[in-house]
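Q: please work out how this folds:
(one chain, ligands or ions: 1)
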Amino acid sequence: MKAKNKKYKEAVQQKWKCANYPNSNLQFIDNYKCPLYIISDGTFDESCWKLSTDNIGNSHALCPSCHNVKKINLSIYHHELKQNNIDIIKNIK
Ligand SMILES: [Zn+2]
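A: Predicted coordinates:
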């Protein structure tokens, strides 16, 4: 229940709008344009948004599209990070 309250607080603070507003340059979303701002003013409703946290602990509410883009970019980033570590280990040997 506590987590849910935090989630709601964030959405209310953002006035139920996706945090990926034009030129916000959010981490791991980069230049992806939020479809909600293309078709309207970025407002999502209660049924479709996700709370997202960046690596310095800031959280923000994102629409499902932006959340998915972030999720995909994050997994690519972690994959590359892992790959780089493997390459470094291989070079050491
Ligand atoms: Zn969005």
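
Q: flag the shaky bits of this protein, pLDDT-wise.
A: 1-4, 6-7, 55, 93 (pLDDT under 70).

Q: quick one: the residue lying closest to residue 54 once chain neighbours are set aside from residue 19, how far?
A: Among residues not flanking residue 54 along the chain, residue 27 sits closest, at 4.9 Å (Cβ to Cβ, 6 or more residues apart in numbering). Using the backbone N, CA and C atoms, a C-beta is placed for each residue, glycine as well. Going from residue 27 to residue 19 by Cβ to Cβ, to the nearest Å gives 11 Å.

Q: repeat for residue 50
A: 10 Å.

Q: please enumerate the shared neighbours of the two.
A: 61, 62 (Cβ atoms under 8 Å, 6 or more residues apart in numbering).

Q: please say which of those two ends up with more neighbours.
A: residue 19 (24 against 18; other Cβ atoms under 10 Å).

Q: which of the three states applies to that one?
A: coil (DSSP: H, G, I helix; E, B strand; the rest coil).

Q: how about it: what's its closest non-neighbour residue?
A: residue 60 (3.5 Å).

Q: isn't there a helix covering the one you found?
A: No: assessed with three-state DSSP, residue 60 is strand; it does not lie in a helix.

Q: just list whatever residues bridge to it.
A: Going by DSSP bridges, residue 60 is paired in beta bridges with residue 52.

Q: what's around the residue nearest to residue 54, how many residues?
A: So residue 27, with other Cβ under 10 Å, has 14 neighbours.

Q: do a quick rundown of the helices in this structure.
A: For the chain, applying DSSP state H gives helices covering 2-13, 35-39, 64-92.

Q: the ion is nearest to which of those helices?
A: Comparing the helices of the chain against the ion with Cβ to the ion, the closest turns out to be helix 64-92 (3.3 Å).

Q: residues from the protein in reach of the ion?
A: Proximity of the chain to the ion is confined to 18, 20, 34, 63, 66 under the rule Cβ under 5 Å from the ion.

Q: so how far is residue 51 from the fourth one?
A: Here residue 63 is placed at a distance of 12 Å from residue 51 (Cβ to Cβ).

Q: those two: which has the busier surroundings?
A: residue 63 (23 against 18).
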